[in-house]
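Q: everything below, folded, please.
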Amino acid sequence: CLQHVAKDEFLVHKNTCSGFTACRFCKHRVDNAKVAAHTAFCPKATACLGCQQQVSKEDMLTHCKDCHSCEQCQFCMAYLRRGSMSPHLCKCPKAAMCSGCHQHVAKDQLVEHKSTCSGFIACPFCQLRVLKTKLLAHTAICPKAATCVGCLQRVAAERRSAHRSECTAFAQCSFCQAFKRKACLKTHIDECPQAAKCTGCLQHVAKDEFLVHKNTCSGFTACRFCKHRVDNAKVAAHTAFCPKATACLGCQQQVSKEDMLTHCKDCHSCEQCQFCMAYLRRGSMSPHLCKCPKAAMCSGCHQHVAKDQLVEHKSTCSGFIACPFCQLRVLKTKLLAHTAICPKAATCVGCLQRVAAERRSAHRSECTAFAQCSFCQAFKRKACLKTHIDECPQAAKCTGCLQHVAK
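A: Residues are numbered from 1 along each chain as shown. A predicted model of the protein is given here:
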C-alpha cells in the first residue's frame, strides 16, 4: 500500500494490508506484484508435469490421478507427462525390457516372464530358455549337446551312441558292431581288428570264421601235396616250395616226397646211382659220382667202385701191380718210384739196381759189376778192385815183378 508503519507493527499490518496476498500453498503473504513469481518457486508447490499447473505437493498425487495430461508408470509408480512413458521406461530403475517380446516388465519378474514369454524357447538339451533367434548359436556350444560326426547335427550328449544307430549317415560295422560314417566304413573294415581280408575272393570275413571261409572260398585251392589251401594266384609259387613236395631232378616236375621213388623209377629223364641209390637227372651221373659219398674212383683203371670194395678191387685191377719186394699193389705208373723207396729193397752199389734186401749178398756173386778178390774172397766193384787188392790184408805186392801174391 506504500504507506509507512511502525516497524514493530509491520507484521500485524502485513496481515491486513490489501497490497499483500496470502500464497495458497504456503499461506505466506506475498506482495501482489510478486504473487506469480512466488507461486512458481513456492517450496510447498510444484508444477504438474502434464498440464504444467502449480499444485500443492500434498495434493499432487490426487491432481495427477484426475489430470488428463498425466500418466503413471506401473513399475516405479511415478507420474509422467502423457507421451513421455517410452523414454522413461528405458531409464526406469524398476523396469526392464524383455529381449524376447520387447515388452517392459518389472525387473524382479523378468526371470519368471522369460519362462512363459513366446520370444524365448527352451534348449532341447539343457532346457535353458534362450531367444528363438539365438537358439541355433546356443545349441552349437551347449555343454550338454554333442555334434554327430555323420550328419553334423547336434544331439544330446547322453544319446550320442543311440543316435548313431538311427543316423542315416552312419553304418554299423558287421564285425565289431561299431558305428562309423558311411564314407569311412570301408577304411574302417580294412583296419578292423575283428575282420580279415580274404586274399582269395578279396572279401572281408570275421577273423574267427576265416579258416571256415578259407575251406569253402573259390579263391583258394588245396595243395595236392600238403592239402593246405592256397590263394589261386600263389598255387604255383607254393607248389615250388611246398615242404611235402620236391622237384624231380629229371623232368623237373613237382612230385610228392612220398611218391618220389616210384616216380623216378618210371621217369625216363632219371637214372639211379648204383652206389648210393639216389636218382639223378639223366646225363648228370659223372659229376655225381665225383661227389657220391658211397663211391670212389680207382686210380688204376679210373673206374668208380663202391668205397667199401675199393681195397678188394685193387687186388684184381689191371692198373695195379704187386711190388716184387714187399708185394704191395701199387699203380703201374708209380712202380719205379715205389721200388726206389721200398723198405724191403736195397740198391746194389755195383749195378745200382734195386734188389731184395735179403738177397743183397747173393746178388753180388751174380752181379756183373762186382768181382771177387782172389786173396780175401770179398766182392768188390770192378772199378775199385785194383785199389782193394793194394790194400787187401791177405795180399802182398812183390817188389820184383810188381805182382800181388797171397801173403
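Q: tell me how far the lowest-mean-pLDDT helix or strand in the chain lies from the chain's centre.
A: Within the chain, no helix or strand scores below helix 60-66, which has a mean of 74 by mean pLDDT, DSSP states H and E. Between the centre of helix 60-66 and the centre of its chain there are 90 Å (C-alpha atoms, centre = their mean, to the nearest Å).
Q: residue boundaries of the helices in the stretch 51-200 of the chain?
A: Counting by DSSP state H, counting those that start in this stretch, the stretch 51-200 of the chain has helices at residues 60-66, 85-91, 110-114, 135-141, 160-166, 182-191.
Q: so how far is the fourth one off the chain centroid?
A: The one in question is helix 135-141. Worked out by C-alpha atoms, centre = their mean, helix 135-141 lies 41 Å from the chain centre.
Q: now do the buried residues in that helix.
A: By 16 or more other C-beta atoms under 10 Å, the buried positions in helix 135-141 come out as L135, H138, T139. The way it works is simple: take the backbone N, C-alpha and C, and place the C-beta from them, glycine included.
Q: same check on the last one?
A: The neighbour-count criterion (16+ other C-beta under 10 Å) identifies L185, H188, I189 as the buried residues of helix 182-191.
Q: what's the answer for the second one, then?
A: Of the residues in helix 85-91, H88, L89 count as buried by neighbour count, 16+ other C-beta under 10 Å.
Q: in terms of secondary structure, what does it contact?
A: For helix 85-91, the packing partners by 3 or more C-beta pairs under 8 Å, 6 or more residues apart in numbering; DSSP states H and E come out as strand 95-97.
Q: give the buried residues for the strand it packs on.
A: Residues A95, A96 are the ones in strand 95-97 that count as buried (16+ other C-beta under 10 Å).
Q: same deal with stretch 47-61?
A: For stretch 47-61, using 16+ other C-beta under 10 Å, the buried residues are C48, L49, G50, V55, M60.
Q: now find how far off-centre that stretch is within its chain.
A: Put simply, stretch 47-61 sits 91 Å off its chain's centre (C-alpha atoms, centre = their mean).
Q: and stretch 289-308, by the same measure?
A: In terms of C-alpha atoms, centre = their mean, the centre of stretch 289-308 is found 58 Å from the chain centre.
Q: stretch 43-52 now?
A: Put simply, stretch 43-52 sits 91 Å off its chain's centre (C-alpha atoms, centre = their mean).
Q: please save the CA atoms from it in CSV.
A: The C-alpha trace of stretch 43-52 is given here as CSV (Å, rounded to 0.1, in the frame of the first residue of the first chain):
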residue,chain,number,x,y,z
PRO,A,43,8.6,-24.6,-1.7
LYS,A,44,5.2,-26.2,-1.0
ALA,A,45,4.1,-26.3,-4.6
THR,A,46,5.3,-28.0,-7.8
ALA,A,47,4.3,-27.8,-11.5
CYS,A,48,2.2,-30.7,-12.8
LEU,A,49,4.2,-32.5,-15.4
GLY,A,50,1.1,-32.9,-17.5
CYS,A,51,-0.8,-29.6,-17.5
GLN,A,52,2.1,-27.6,-16.1
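Q: any residues touching it, and which ones?
A: By C-beta atoms under 8 Å, 6 or more residues apart in numbering, the residues outside stretch 43-52 that reach it are 25-26, 39-40, 53-58, 60, 63-64, 67-71, 79-82.
Q: mind listing which of the residues you listed are in strands?
A: Among those, the members falling in strands (DSSP state E) are Q54, V55, S56, C70, E71, Y79, L80, R81.
Q: now render the helices of the stretch 51-200 of the chain as TSV, adding distance to A278.
A: Listed next are those as TSV, based on distance: least, C-beta to C-beta, whole Å:
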stretch	distance to A278
helix 60-66	133
helix 85-91	115
helix 110-114	102
helix 135-141	83
helix 160-166	68
helix 182-191	50
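Q: which one of the ones you listed has the lowest average pLDDT?
A: Comparing those by mean pLDDT, the weakest confidence falls on helix 60-66, with a mean of 74.
Q: just the CA atoms of that one, as CSV, please.
A: Taking Å, rounded to 0.1, in the frame of the first residue of the first chain, the C-alpha atoms of helix 60-66 are listed here in CSV:
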residue,chain,number,x,y,z
MET,A,60,0.0,-33.6,-6.4
LEU,A,61,-1.0,-37.3,-6.4
THR,A,62,-4.7,-36.5,-6.3
HIS,A,63,-4.2,-33.9,-9.0
CYS,A,64,-2.2,-36.3,-11.3
LYS,A,65,-4.9,-39.0,-11.0
ASP,A,66,-7.5,-36.6,-12.3
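Q: other SSEs contacting that helix?
A: Against helix 60-66 (3+ C-beta pairs under 8 Å, 6+ apart) you get strand 79-81.
Q: elements contacting the strand it packs on?
A: For strand 79-81, the elements it packs on are helix 60-66, strand 70-72, judged by 3+ C-beta pairs under 8 Å, 6+ apart.
Q: which one of these lies nearest to C90?
A: C90 sits nearest to strand 70-72 of all the helices and strands packed on strand 79-81, at 15.7 Å, using C-beta to C-beta.
Q: contacting residues around the closest residue to V349 other than its chain neighbours?
A: Among residues not flanking V349 along the chain, R381 sits closest, at 6.7 Å (C-beta to C-beta, 6 or more residues apart in numbering). Residues near R381 by C-beta under 8 Å, 6+ apart: V349, G350, A369, F370, A371.
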